[in-house]
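Visitor: Mind folding the following:
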Amino acid sequence: MATTPLLPKSLSPFLTNTPSFSSTHFTKLSFLNLQDHPHCSKRPNLHTTHAKKRNPWLDPFDDGEDPDMEYGSLFVDGKQDEDERLPENPDNPYGFLKFPMGYSVEVASLALKVRGDVRRCCCVVSGGVYENLLFFPVVQLLKDRYPGVLVDIVASARGKQAYELNKNVRWADVYDPDDHFPEPADYTDMVGILKGRYYDMVLSTKLAGIGHATFLYMTTARDRVSYIYPNVNAAGAGLFLSETFTPNSTNLSDGGYNMYYQMVDWLARPSKTVPQQPVPPLKVSISKKLRQVVESKYKNAGVTRGKYIVIHGLESDSKASMQSKGDTDSLLPIQVWDAIASGLREFRPLFVIPHEKERENVEEVIGDDTSIVFITTPGQLAALINDSAGVIATNTAAIQLANARDKPCIALFGSQEKGKLFVPNAEQKNCVIVSSKTGRLKDIDIEAVKNAIPLFNMSLALV
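Guide: Down below sits the predicted model:
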């Protein structure tokens, strides 16, 4: 019969294809050597990063791509094209069924599967404002790599606020992926929402165990890509995911600015007739309405545009401090800020407080005529920084927003290593890093901070 010769082939991935699992093969993989991937410095080589073994449990009959396959005119090489939609007729009394982009009524484009096109992508982003801001280059990379893609975001309530600064995101839904025990009604509702949008790809920055992997699997997306735990908690997650990344620690934010480098390298990988996609820098967009709201705020505080320095990173228990999960020692008491602000001569310090209860403390230490503004959202903070002469801040979202808007800044860190992690290539970004010599931020050298203040005068002269 015709079925008899199929038996040896079906067992070949398990019994005869042993060289792909040999130890000599694994020694060539750079991602297994932790010394090749420091959290901070340079990005790993793309070709060595993706020389991963294929998961035989996903499809035991998949022997990989056929090198002799010839694509006809139907499957054009290169990037996907943006779809043109038929004009809608508003006079039709029966209305219209709005089919998703990338589909026709009769048949979905075959290149969608063969070429791996992505028309709709959902990104589940773990963390708060800081982590979501650092995800912006990934969103821009998706738009560059897959023209016409619709990008949606699922994030926590605090993380969602960051996407008023991103024009590439279509929808941002509130669902905290870091909640280990979500309400059953919220869980099933979110699964239904994501499943009903028919995503081609789902990306997740939450470290996945079998529970989160199952959540992504139930979205029925074609490609399910996620970080997984670097320990035993990842057992079983790979069965439900198409691609996995294993970080060096259980806290992804320890990687600093390049915390998503593994996912970025996978998305930017070269393919047939498509070169490796360059990684864009962090950029933010500020709406006109947001500028007007913030302008009225800082004018009420007694400062004018371009004549003030933003002071951000006051010690507080408020969640609006916008810290990174990878650097918890990133806030300074008001007494230290008072000593730093005394070095400003040509500019007026504008203190940003994350909660109204801090206003009394600031006025008590610095004085009643102090310029204070109450800011809790990253959008308003970005608009405030955009109209300023510069920023002096600890490791909060203010540092990344200042770099995104090309504003000079003085970044205060507890250690020099943290500074290199979160602000790589600081000189190119017109940023001066001042670090503590004891490893504790509160012991930072105030005189060193004052010596860096002429940076703002130089930037003003260039303008």
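Visitor: For residue 286, which non-adjacent residue is closest in space?
Guide: Nearest non-adjacent residue to residue 286, counting by Cβ to Cβ, 6 or more residues apart in numbering: residue 383, 5.1 Å away. For the C-beta atoms, the positions are set from N, CA and C on the backbone; glycine is no exception.
Visitor: Look at residue 62 and say how many residues are nearby.
Guide: For residue 62, the count of nearby residues is 11 (other Cβ atoms under 10 Å).
Visitor: nope, residue 440 is what I meant
Guide: 11.
Visitor: and it, backbone torsions?
Guide: phi -120, psi 130 (degrees, to the nearest 10).
Visitor: Double-check it against residue 330; I have them as touching.
Guide: No. Residue 440 is not in contact with residue 330 according to Cβ atoms under 8 Å; the separation is 11.4 Å.
Visitor: Overlap in contacts, those two.
Guide: Taking Cβ atoms under 8 Å, 6 or more residues apart in numbering as the contact rule, residue 440 and residue 330 both touch residue 414.
Visitor: so how far is the strand or helix carrying residue 392 from its chain's centroid?
Guide: Residue 392 is part of strand 390-394, with elements assigned from DSSP states H and E. Chain-centre distance of strand 390-394: 22 Å, with Cα atoms, centre = their mean, to the nearest Å.
Visitor: I'd like the average pLDDT over the helix or strand following it.
Guide: Following strand 390-394 in sequence order, the next helix or strand is helix 397-404 (DSSP H and E). Mean pLDDT, computed over helix 397-404, is 96.
Visitor: Measure how far the helix or strand following helix 397-404 is from the centre of its chain, please.
Guide: If you walk from helix 397-404 toward the C-terminus, the next helix or strand you reach (DSSP H and E) is strand 409-413. Chain-centre distance of strand 409-413: 21 Å, with Cα atoms, centre = their mean.
Visitor: what's the answer for stretch 320-331, then?
Guide: Distance of stretch 320-331 from the chain centroid (Cα atoms, centre = their mean) equals 16 Å.
Visitor: and that stretch, which residues are buried?
Guide: Judged by neighbour count (16 or more other Cβ atoms under 10 Å), stretch 320-331 contains these buried residues: 320, 321, 322, 323, 324, 325, 326, 327, 329, 330, 331.
Visitor: distance of the second one from residue 438?
Guide: Spatial separation of residue 321 from residue 438 under the definition Cβ to Cβ, to the nearest Å is 22 Å.
Visitor: got the residue ranges for the helices in the stretch 301-450 of the chain?
Guide: Taking DSSP state H, counting those that start in this stretch, the helices of the stretch 301-450 of the chain run over residues 334-341, 359-366, 378-386, 397-404, 416-422, 446-451.
Visitor: same question for the strand holding residue 392, mean pLDDT?
Guide: Mean predicted lDDT for strand 390-394 stands at 96.
Visitor: For that strand, which strands pair with it and how are they oriented?
Guide: Next to strand 390-394 in the sheet, as set by DSSP bridges, lie strand 308-312 (parallel), strand 409-413 (parallel).
Visitor: Tell me which of those strands sits most buried.
Guide: strand 409-413 (a mean of 27; mean count of other Cβ atoms under 10 Å).
Visitor: Taking helix 334-341 as reference, get the angle to that one.
Guide: Here the directions of strand 409-413 and helix 334-341 differ by 140 degrees (axes from the mean of the first three to the mean of the last three Cα atoms, to 10 degrees).
Visitor: the inter-axis angle of strand 409-413 versus helix 397-404?
Guide: Per the same axes, to 10 degrees, the angle that strand 409-413 makes with helix 397-404 is 140 degrees.
Visitor: So which residues make contact with strand 409-413?
Guide: Residues outside strand 409-413 that contact it (Cβ under 8 Å, 6+ apart): 313, 327, 330, 332, 390-395, 398-399, 402-403, 419, 422-423, 426, 430-436, 441, 444, 449, 452-453, 455.
Visitor: go with 6 Å
Guide: Strand 409-413 is touched from outside by 390-392, 394-395, 399, 402, 419, 423, 431-435, 444, 452, with contacts defined as Cβ atoms under 6 Å, 6 or more residues apart in numbering.
Visitor: most neighbours, which of these?
Guide: Using other Cβ under 10 Å as the neighbour test, the contacts of strand 409-413 are led by residue 399, with 33 neighbours.
Visitor: For it, which non-adjacent residue is closest in space?
Guide: Closest residue to residue 399 apart from its sequence neighbours, by Cβ to Cβ, 6+ apart: residue 411 at 4.9 Å.
Visitor: What of residue 306?
Guide: Excluding the flanking residues, the one nearest residue 306 by Cβ to Cβ, 6+ apart is residue 389, at 5.6 Å.
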